[in-house]
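Trainee: coords below, sequence missing:
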């Protein structure tokens with residue numbers, strides 16, 4: 001099977017985010033969140049960078065149980081913790097553009113896995129940023 005291009009991976013993540021946005025408007029976000037496409041994980045963090053929700057597919061990819069991740073700082077699962085913490089803080093403050101990026105996560109067995117990520121801000125009813133929803137897939141693509 002031929003690997004997708006970087007743009008095809010990004011399109012896949014964008015399409016899933018769009019599906020989640022539509023499901024949220026229709027009041028069925030949790031169902032859509034739990035039914036991510038094969039190979040596409042998704043998680044949500046709050047303004048304190050704590051994981052509040054993780055999809056079954058992301059748990060499968062990284063090898064964790066939900067109890068291992070939910071309630072923990074997302075940076076505990078990322079290889080370059082300080083850099084990711086700064087980037088997340090900038091996104092939450094609105095000072096960093098949300099665009100696709102690569103980040104290496106640590107699987108439960110300790111192995112590193114490069115992931116392609118795409119973020120969307122989570123806003124409350126007043127429009128204030130209260131978190132970030134991140135869709136991700138393994139960063140295996142052809143140039």
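Mentor: That came through fine. What you see is a predicted model, and the numbers here were worked out from it, not measured in a lab. Numbering: from 1, shown residues only.

Trainee: need the helices for this structure, in chain order.
Mentor: 6-25, 29-34, 56-62, 66-69, 81-93 (DSSP state H).

Trainee: Reformat those as a markdown table; add mean pLDDT and mean neighbour count.
Mentor: For every residue, glycine as well, the C-beta is placed using N, CA and C. Output for the helices of the chain, formatted as a markdown table (pLDDT from 0 to 100; neighbours: other Cβ atoms under 10 Å):
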| stretch | mean pLDDT | mean neighbour count |
| --- | --- | --- |
| helix 6-25 | 95 | 16 |
| helix 29-34 | 93 | 15 |
| helix 56-62 | 97 | 19 |
| helix 66-69 | 97 | 14 |
| helix 81-93 | 93 | 15 |
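
Trainee: and residue 49, which of the ones you listed is closest to it?
Mentor: helix 81-93 (5.4 Å; Cβ to Cβ).

Trainee: how far away is the closest residue to residue 89 other than its chain neighbours from residue 119?
Mentor: Nearest non-adjacent residue to residue 89, counting by Cβ to Cβ, 6 or more residues apart in numbering: residue 49, 7.8 Å away. Per Cβ to Cβ, to the nearest Å, residue 49 is found 12 Å from residue 119.
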